Structure formats: structure tokens, C-alpha cells
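Here is my input; please provide its structure:
(chains A and B)
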There are 2 protein chains.
Amino acid sequence: MTPLETTQLPAVVLVRPENPENIGLAARAMKNTGFFDLRLSGIRRLSPVAYRTAVHAGEILDGAKLFPTLEEATADLHFVAASTAKRRKLSSWVEWDEAAGRIAALPSATRVGLLFGNERTGLTRAELGWANLVFTIPQACRQPSYNLGAAVLLTLYSLFVGGTAGRKAAVLDRELSLPRRDQDETIDRIIAKLSGRGFIHRTNRDHVSAWVRDYFGRTAMTARDRGFLLALFGKNLDK
Amino acid sequence: MTPLETTQLPAVVLVRPENPENIGLAARAMKNTGFFDLRLSGIRRLSPVAYRTAVHAGEILDGAKLFPTLEEATADLHFVAASTAKRRKLSSWVEWDEAAGRIAALPSATRVGLLFGNERTGLTRAELGWANLVFTIPQACRQPSYNLGAAVLLTLYSLFVGGTAGRKAAVLDRELSLPRRDQDETIDRIIAKLSGRGFIHRTNRDHVSAWVRDYFGRTAMTARDRGFLLALFGKNLDK
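I've put the predicted structure just below:
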């Protein structure tokens, strides 16, 4: 078993975390399992209380980056997977084991982010929509759900022990996805083109746009895909 | 692999736990993963503080049994496995994955106990000697070790998912992908539409068709996706 390469170690993105103790527990879980890129969105500053539960993982907190929005926190990532306690009727929804397999199979230079929502509310629909993949960690009961620190620990531990070995070789030639921001910009352009053509219009805008976002979001688009898609929707629909 | 029988669900034995918050977190981890037999040794009473971190797992605490000694706490068990943060030169020492495999392979009526020591000191040599098996959960760093709640969670979660049915039900609500043949037929229709529009033509046919097949093939298309795609490429490009 070889560990994940440093260059592709997923970032942990905590979205609007409420309780600094949980931030510290997440940092400790990251240190325990060998991860270091912690990002926090929607909070202004890191409370010293977080250092208490981090124990010897204070260095992870020292290196944590704060972002005003989720979009900024994930802009440079190629593949974003979001945790949700509830099963979702989203086509991007899978159980955690499947998500872990998908992450392990990504090209080795892929920068991956794992999103975890606020303790009480979880991630909003819009935040889940930002992810390429939405996953749920299996549990035996309906209530309570895993707490934030537990969800971070379980996902990181399974990536740590599952460590991608020989599968690397198999995915080496695969092309890298675009940064998530560029994927989304391409989807915006597709939606604009479809609106321009009248395919998307006032009465169907919400549900067609939602489908376009979901469907094309799922593909973890590469630069080559973008070229084809823009040609397909751009030039052709402009005729 | 069949699910663990209720009769053989391991008991969790916390030995001289110091921090009631950790007892609550252990109870919550048990509820999350479907275990219920909590035993506490070497403490006189359960602090109400434990109920705060247990959240909706208070029933596990209500049912917890207190024993003066480890021997009494484990007297009725058939097989005792003890957690230790450090690798030990004991012939009973294995990594957790191997311990989990050994536990799963025990006859189904075996009553198993998982021992976890005091937060600061862990289990003493004598306590480890009481176990049939001593295990360490793999970790990436030397310090800090997993905290007590984390160690309970990781071991129970892996027994839960390693042995669980029921997960099948979890994926039932997800919309099924089309049969692969129907996905491919839809892709053929997209290619035909693009050819009709002149987007695919004699000189680019091979490489554009190959991209369409790959890109839309990756999405594991559902019936709903097909509806949108045919509308998108069919009606719109026919204009």
C-alpha cells in the first residue's frame, strides 16, 4: 500500500463551520491520516478554541486558509466532492465507498476538495450543486448523523488506508479536469447559448438550467471537452 | 459477506475513561454504526456531560453497564480485542485490518469485546495481556494519536460497512442509468443529429464521434438525461 502522493492529497473544505472545537477535531483527523490542506469558508477568523481540540495538530490550523465564499475556496480545485447526511435524489449522489473509488481513479495531478457543511444545516442545495459528486457516509441509524469531525475522519481514513497503488499507472494518461471555476464558466456559457437560441426561456429556465448544471457538472470536464462543447453549442447553435 | 448478527455485535468497553465528553462521542459513534452494548470499567458513575456529546445517542448511555474492573466487564465475552496506539512486540499484536478480519471470521455466536484505554495512558500491559488480540489503527503521524472517540468510531465503522447489507436499499432511490445499449443508442442519435447539421463531417468524423462517445458515455445517462439531450440536440439543432 503506498500513500496518496502529496501533490494530489485532497483539500478539506469546511463550509460555515460553527463550532471551533469541530475545526480542531477535523485538523487532528487530518494530521492523523496525513492530510494538510485545510480551507475554511464563510468564517472571519479561527478561534483559539480550535487549537485545544487539535492537540498536536496545531500546524494544520496554522496553515489553514480562510475564504469568504465556497467558490473562492474551491476555485483552483479540479474535482469537488461534497458530504451530505441525507440521501439525495441527485444524479451526482453516491455512497462514500463509490466516491472514494472515483477519487482514487482520478489522474494523479488532480486537485481534489472534500466539502463538509455547517454542523446543523449541512450544505445547502446550491453548495451541493457546486460539487462534481455528492456522497453520504453509510450509517446504521437515522439520528443522529455523524458529527463534523467524525465525517472528516471517516473519509480521510478510508482514503489513507485505501491509498492508491497500482491504479496510478492505469490513470496516468488520463487528462486532468479543468479547475472547477473554469468548468462552471463553461457551463454558464452553454446556458447562455441555449438561452440565446430560445431553448431555455422564461418558463423552463430553472429546471433546464438545473439539469445542464448537473449533467455537465458530473463529467469533470477537461480542456479538450470544453473545446468540443463550446464548438458544439457555440458555433453550431449560432447558425 | 452477511451482516453481523445482533447476538454477536461486539461490546465496546471503555477502560478508565477520563473525559465524559469522550464517553458521549463513543456512544454517538456506536449509534451511528449500529452497536449498543457499552461497558465502562473503573468509573463510579456516568456524568451528565456525556449526554451532551452523545446528542441523540442518549439511549446507549442509558443502557451502559458500569463495572469496577476490566475482568468483570469482560467476563461473559468470548473474544477480547484491545486497541493500542503503539505497535507492540506482543505476539497478539496486529494491524486493525487484520483484527477486523479475524473478528468477522469468528463463529457467529461469539461475543466480542473491543477495549479502549484511558485517553492519556492507554491500556496498561496487564490490560493488554487480558486481550485475545491487540491492534493498532494505522495512522500517518507519530503524534497525536487518534482520540478515544475517533478510535471507537473507526473500528466500529469498519465492522459496520465490512459486514453490512442494507446498503443496497440506500441506492434504490437513485435514478438508475439506462441500460448501456440505450445509452449508446442515444449517443448514436446525437452523432446523427450532429452529422445532419454538418458539425460532424467527412474530415472530422472519427475524432469528433470518438469524443462524443467518450464524453456522453462517461455520464452514465439516465432516462431523464436522455430526454433533455434529445430535446437539446434534436429539436434545437433541427432549427
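
where are the low-confidence patches of chain A?
In the prediction, chain A carries residues with pLDDT under 70 at positions A:1-7, A:163-175, A:235-239.

Need the residue closest to the centroid of it.
With distances taken as C-alpha atoms, centre = their mean, the residue of chain A nearest its centroid is A:Val80 (2.2 Å).

For A:Glu72, give its distance to A:Ala109.
Using C-beta to C-beta, to the nearest Å, one obtains 22 Å as the distance from A:Glu72 to A:Ala109. C-betas here are computed from N, CA, C, even on glycine.

Run through the helices of chain A in chain order.
Listed in chain order, the helices of chain A (DSSP state H) span A:20-33, A:49-54, A:58-62, A:70-74, A:96-104, A:125-129, A:148-162, A:167-171, A:180-196, A:205-217, A:223-229, A:236-238.

can I see the domain layout of chain A?
Listed by automatic domain parsing, the domain ranges of chain A are A:6-171, A:180-238.

just so I know, which of those lies nearest chain B?
Between chain B and the domains of chain A, the shortest gap by C-beta to the nearest C-beta is with domain A:6-171, which sits at 2.9 Å.

thinking again about what came up before, out of the domains of chain A, deepest packed?
Most buried of those, by mean neighbour count (mean count of other C-beta atoms under 10 Å in any protein chain shown): domain A:6-171, with a mean of 19.

Return the distance of that domain from the chain's centre.
7 Å (C-alpha atoms, centre = their mean, to the nearest Å).

Check whether that domain comes near chain B.
Yes: when contact is scored as C-beta under 8 Å from any C-beta of the partner chain, part of domain A:6-171 falls within range of chain B: A:25, A:28-29, A:31-34, A:55-57, A:87, A:89, A:91, A:93, A:95, A:97, A:136, A:138-141, A:143-147, A:149-150, A:153-154, A:157, A:160-161.

try stretch A:198-211
Yes: among the residues of stretch A:198-211, A:Phe199, A:Val208, A:Trp211 lie within reach of chain B under C-beta under 8 Å from any C-beta.

Keeping just the C-alphas, turn stretch A:141-154 into CSV.
Once non-C-alpha atoms are left out, stretch A:141-154 reads as follows in CSV (Å, rounded to 0.1, in the frame of the first residue of the first chain):
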residue,chain,number,x,y,z
CYS,A,141,-29.4,4.9,12.3
ARG,A,142,-31.4,7.9,11.1
GLN,A,143,-30.5,10.1,14.0
PRO,A,144,-28.0,11.5,14.9
SER,A,145,-25.9,11.9,11.9
TYR,A,146,-22.1,11.7,12.1
ASN,A,147,-20.7,14.9,13.6
LEU,A,148,-18.5,17.0,11.5
GLY,A,149,-15.2,15.7,13.0
ALA,A,150,-16.4,12.2,12.5
ALA,A,151,-17.3,12.7,8.9
VAL,A,152,-13.9,14.2,8.1
LEU,A,153,-12.2,11.4,10.0
LEU,A,154,-14.0,8.6,8.2
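
Not counting it itself, show me its contacts.
A:12, A:14, A:17, A:19, A:22, A:25-26, A:28-30, A:32-33, A:53, A:83, A:85, A:96, A:114, A:116, A:119, A:137, A:139, B:25, B:28-29, B:31-32, B:34, B:55-57, B:149-150, B:153-154, B:157 (C-beta atoms under 8 Å, 6 or more residues apart in numbering or on different chains).
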